[in-house]
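Colleague: next input, structure requested:
(4 chains)
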Protein chains: 2
Amino acid sequence: MIGTEQGAFRALSDPTRRQILVHLSHSEMTIAEVSARFEITRGAIKKHLTILEEGQLISVRSFGRERINRLEPLGMKQANDWLNYFSRFWDDKLNNLKSAVETHEKTRKHKEINDD
Amino acid sequence: MIGTEQGAFRALSDPTRRQILVHLSHSEMTIAEVSARFEITRGAIKKHLTILEEGQLISVRSFGRERINRLEPLGMKQANDWLNYFSRFWDDKLNNLKSAVETHEKTRKHKEINDD
DNA sequence: ATTAAATAACACCATTTGGTATCATTTATA
DNA sequence: TATAAATGATACCAAATGGTGTTATTTAAT
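Modeller: Residues are numbered from 1 along each chain as shown, chains lettered A, B, ... in the order given. Model prediction:
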């Protein structure tokens, strides 16, 4: 579980940034086009886009004086892969989770907790 | 895309909290057991556990003077579901993403960008 | 009944975060 | 060329964050 997902999770933690990603899932946009969709200043949007780029959730390319922001799969995938490690906890909940609980009960009763 | 995932993503943004989740995926633990696995103080761990609980990534139950922390599927699933909306951007990358880019190129050329 | 263990609840601190406003730079366009 | 547009960069601010240390409370054990 040594991961490179920190940048992605950090970027995903802000609701404005997640909204930006949804907008960019419809079409790539310049900074001005993104900030037209929000009430906050362009400066704030630019900071959000920088953080999204650092998390490799978007990529940016220059086109004249414009910077075109586009969804980048890598960061998305890193975050998704990390979460998928836990998928057994919500898939087949009644089966896997229940048996896990029973195992823990027994473990606790016998005071043999030792995993890291 | 109106979501309740904010608490989960907020909780997931800190690497210590993500590590705690990995530990809890092996076995449920008391606060003392969790903090034994980290260098920081128990007080700091308690704060992290509170944030994880708020994000519904763990649940806490009392057992005598102990508080037993257990992985909670709901928050996990909320974050996963949100990310899955974007899965087409990393699944079949060469096909879907490429055609999306081409669509956007045309849109840009014609200056008809209008989605929100 | 005392004492120790597990946790809760604070107050406090330094740093980060999300935002603003302002000014500079680069690139199109009249 | 002069001007407008798009962005970059910086300084600044209030609030949130991640951490500490200390004290109080509840529960278990001698």
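Colleague: okay, helices next: where are they in chain A?
Modeller: A:6-12, A:15-26, A:31-35, A:42-54, A:73-84, A:98-110 (DSSP state H).
Colleague: tell me which of these is the most buried.
Modeller: helix A:6-12 (a mean of 23; mean count of other C-beta atoms under 10 Å in any protein chain shown). For every residue, glycine as well, the C-beta is placed using N, CA and C.
Colleague: quickly check: that one near DNA strand D or not.
Modeller: No: on the criterion C-beta under 7 Å from any atom of the strand, helix A:6-12 is out of touch with DNA strand D, staying 9.0 Å away.
Colleague: name the residues that touch that helix?
Modeller: Applying C-beta atoms under 8 Å, 6 or more residues apart in numbering or on different chains, the contact partners of helix A:6-12 are A:17-18, A:51-52, A:54-57, A:75-76, A:78-79, A:82, B:9, B:12-13, B:15, B:18.
Colleague: what pLDDT does whichever residue of chain A sits closest to DNA strand C get?
Modeller: Proximity of chain A to DNA strand C (C-beta to the nearest atom of the strand) peaks at A:G64, 2.2 Å away. We note a pLDDT of 97 for A:G64 in this prediction.
Colleague: which residues touch it?
Modeller: By C-beta under 8 Å, 6+ apart, no residues touch A:G64.
Colleague: ok, now the one 3 residues further on?
Modeller: Residues touching A:R67, when contacts are defined by C-beta under 8 Å, 6+ apart, comprise A:T30, A:I31, A:V60, A:R61.
Colleague: what of A:L57?
Modeller: Going by C-beta under 8 Å, 6+ apart, the list of residues near A:L57 reads A:A8, A:A11, A:L12, A:R17, A:L21, A:L71, A:E72, A:G75, A:M76.
Colleague: look up phi and psi at it.
Modeller: phi -100, psi -20 (degrees, to the nearest 10).
Colleague: grab the nearest non-local neighbour of it.
Modeller: A:G75 (4.0 Å; C-beta to C-beta, 6 or more residues apart in numbering or on different chains).
Colleague: below-threshold pLDDT in chain A: ranges please.
Modeller: A:1-2, A:92-116 (pLDDT under 70).
Colleague: which bits of chain A sit near DNA strand D?
Modeller: A:T30, A:I31, A:A32, A:R42, A:G43, A:K46, A:R65, A:E66, A:R67.
Colleague: correct me, but the residue nearest to A:L57 touches A:S59?
Modeller: No: contact criterion C-beta atoms under 8 Å: A:G75 and A:S59 do not qualify, at 9.8 Å.
Colleague: I'd like the residues of chain A next to DNA strand D laid out as JSON lines, including distance to B:D91.
Modeller: Supplementary listing: these in JSON lines, determined by distance: C-beta to C-beta, whole Å:
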{"residue": "A:T30", "distance to B:D91": "27"}
{"residue": "A:I31", "distance to B:D91": "28"}
{"residue": "A:A32", "distance to B:D91": "31"}
{"residue": "A:R42", "distance to B:D91": "33"}
{"residue": "A:G43", "distance to B:D91": "35"}
{"residue": "A:K46", "distance to B:D91": "30"}
{"residue": "A:R65", "distance to B:D91": "35"}
{"residue": "A:E66", "distance to B:D91": "29"}
{"residue": "A:R67", "distance to B:D91": "27"}
